[in-house]
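J.: what follows is a predicted protein model with its sequence.
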Amino acid sequence: MINKENNNDIPSRVDSKNDKKEPYTDEELNCLVENYIDDWQDLPVWNNLVNEVGKEKAKSILKEGLKNHSNIDCLLSEINDNLN
(Lines give C-alpha, C1' and ligand atoms only; values in the text may rest on other atoms or scores of the structure.)
Protein backbone atom coordinates (compact mmCIF):
# COMPACT_ATOMS: atom_id res chain seq x y z
CA MET A 1 0.00 0.00 0.00
CA ILE A 2 1.41 3.38 -1.01
CA ASN A 3 0.88 6.43 1.16
CA LYS A 4 -0.39 9.13 -1.19
CA GLU A 5 -1.36 11.58 1.55
CA ASN A 6 1.83 13.63 1.14
CA ASN A 7 2.10 12.96 -2.59
CA ASN A 8 5.18 10.82 -2.10
CA ASP A 9 5.84 7.17 -2.68
CA ILE A 10 6.66 6.10 0.88
CA PRO A 11 5.03 2.75 1.60
CA SER A 12 2.77 3.00 4.63
CA ARG A 13 4.65 0.16 6.38
CA VAL A 14 7.79 2.34 6.64
CA ASP A 15 6.07 5.66 7.26
CA SER A 16 6.97 6.66 10.83
CA LYS A 17 3.52 8.07 11.53
CA ASN A 18 2.24 4.48 11.36
CA ASP A 19 4.64 3.25 14.06
CA LYS A 20 3.23 1.52 17.11
CA LYS A 21 2.69 4.13 19.82
CA GLU A 22 2.79 1.89 22.89
CA PRO A 23 5.66 -0.41 23.84
CA TYR A 24 5.42 -4.04 22.87
CA THR A 25 4.41 -6.47 25.59
CA ASP A 26 6.78 -9.36 26.39
CA GLU A 27 4.36 -11.71 24.66
CA GLU A 28 4.36 -9.55 21.51
CA LEU A 29 8.16 -9.27 21.60
CA ASN A 30 8.59 -13.03 21.94
CA CYS A 31 6.24 -13.60 19.00
CA LEU A 32 8.04 -11.00 16.88
CA VAL A 33 11.43 -12.49 17.69
CA GLU A 34 10.35 -15.99 16.69
CA ASN A 35 8.75 -14.72 13.48
CA TYR A 36 11.82 -12.71 12.52
CA ILE A 37 14.10 -15.66 13.23
CA ASP A 38 11.99 -17.86 10.96
CA ASP A 39 12.28 -15.26 8.20
CA TRP A 40 15.97 -14.48 8.77
CA GLN A 41 17.45 -17.99 8.97
CA ASP A 42 19.31 -17.44 5.70
CA LEU A 43 20.34 -13.81 6.21
CA PRO A 44 24.08 -13.34 6.67
CA VAL A 45 23.59 -10.67 9.37
CA TRP A 46 21.51 -13.07 11.48
CA ASN A 47 23.87 -16.01 10.94
CA ASN A 48 26.89 -13.84 11.77
CA LEU A 49 25.24 -12.70 15.00
CA VAL A 50 24.34 -16.28 15.99
CA ASN A 51 27.88 -17.47 15.19
CA GLU A 52 29.38 -14.68 17.26
CA VAL A 53 27.18 -14.79 20.38
CA GLY A 54 25.08 -17.96 20.15
CA LYS A 55 21.39 -18.34 19.35
CA GLU A 56 19.95 -17.52 22.79
CA LYS A 57 22.03 -14.34 23.14
CA ALA A 58 21.14 -13.38 19.56
CA LYS A 59 17.45 -13.77 20.41
CA SER A 60 17.97 -11.59 23.47
CA ILE A 61 19.74 -8.92 21.39
CA LEU A 62 16.91 -8.99 18.87
CA LYS A 63 14.27 -8.71 21.60
CA GLU A 64 16.05 -5.76 23.26
CA GLY A 65 16.56 -4.14 19.87
CA LEU A 66 12.87 -4.40 19.06
CA LYS A 67 12.11 -2.53 22.28
CA ASN A 68 14.20 0.40 21.05
CA HIS A 69 13.59 0.42 17.29
CA SER A 70 10.34 0.91 15.49
CA ASN A 71 12.04 0.23 12.16
CA ILE A 72 13.42 -3.27 11.75
CA ASP A 73 15.73 -2.21 8.92
CA CYS A 74 17.44 0.23 11.29
CA LEU A 75 17.85 -2.54 13.84
CA LEU A 76 19.39 -4.89 11.26
CA SER A 77 21.73 -2.16 10.10
CA GLU A 78 22.83 -1.46 13.68
CA ILE A 79 23.41 -5.16 14.37
CA ASN A 80 25.41 -5.46 11.16
CA ASP A 81 27.49 -2.38 11.99
CA ASN A 82 28.29 -3.76 15.45
CA LEU A 83 29.46 -7.05 13.97
CA ASN A 84 31.90 -5.37 11.58
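T.: Everything's here; your move. Numbering: from 1, shown residues only.
J.: closest to the centroid, which residue in the chain?
T.: Centrality entry for the chain: nearest residue to the mean C-alpha point is I72, 2.9 Å, by CA atoms, centre = their mean.
J.: can I assume that one is in contact with D39?
T.: No - I72 lies out of contact with D39 (CB atoms under 8 Å); the separation is 10.0 Å. For glycine as for every other residue, the C-beta is placed from the backbone atoms N, C-alpha and C.
J.: quick one: the helices in this structure, in order.
T.: Using DSSP state H, the helices assigned to the chain run over residues 26-40, 44-53, 55-68, 72-83.
J.: give me the buried positions along the first one.
T.: Using 16 or more other CB atoms under 10 Å as the burial criterion, the residues of helix 26-40 that qualify are L29, V33, Y36, W40.
J.: for it, name the packing helices and strands.
T.: Packing partners of helix 26-40 (3 or more CB pairs under 8 Å, 6 or more residues apart in numbering; DSSP states H and E): helix 55-68.
J.: and for the helix it packs on, what's in contact with it?
T.: 23-24, 29-30, 32-33, 36-37, 46, 49-50, 53, 72, 75, 78-79 (CB atoms under 8 Å, 6 or more residues apart in numbering).
J.: for the chain, which residues score under the pLDDT cut-off?
T.: Within the chain, the stretches with pLDDT under 70 are 1-8, 10, 12-14, 18-20, 70, 84.
J.: again, only this time at 80
T.: Residue ranges of the chain with pLDDT under 80: 1-22, 68-76, 80, 82-84.
J.: relative to D9, which of the helices of the chain is closest?
T.: Among those, helix 72-83 comes nearest to D9, with 16.7 Å by CB to CB.
J.: just the buried positions in the closest one, please.
T.: Neighbour count says helix 72-83 has L75, L76, I79 buried, by 16+ other CB under 10 Å.
J.: what angle separates it from helix 26-40?
T.: Relative orientation of helix 72-83 and helix 26-40, computed by axes from the mean of the first three to the mean of the last three CA atoms, to 10 degrees: 70 degrees.
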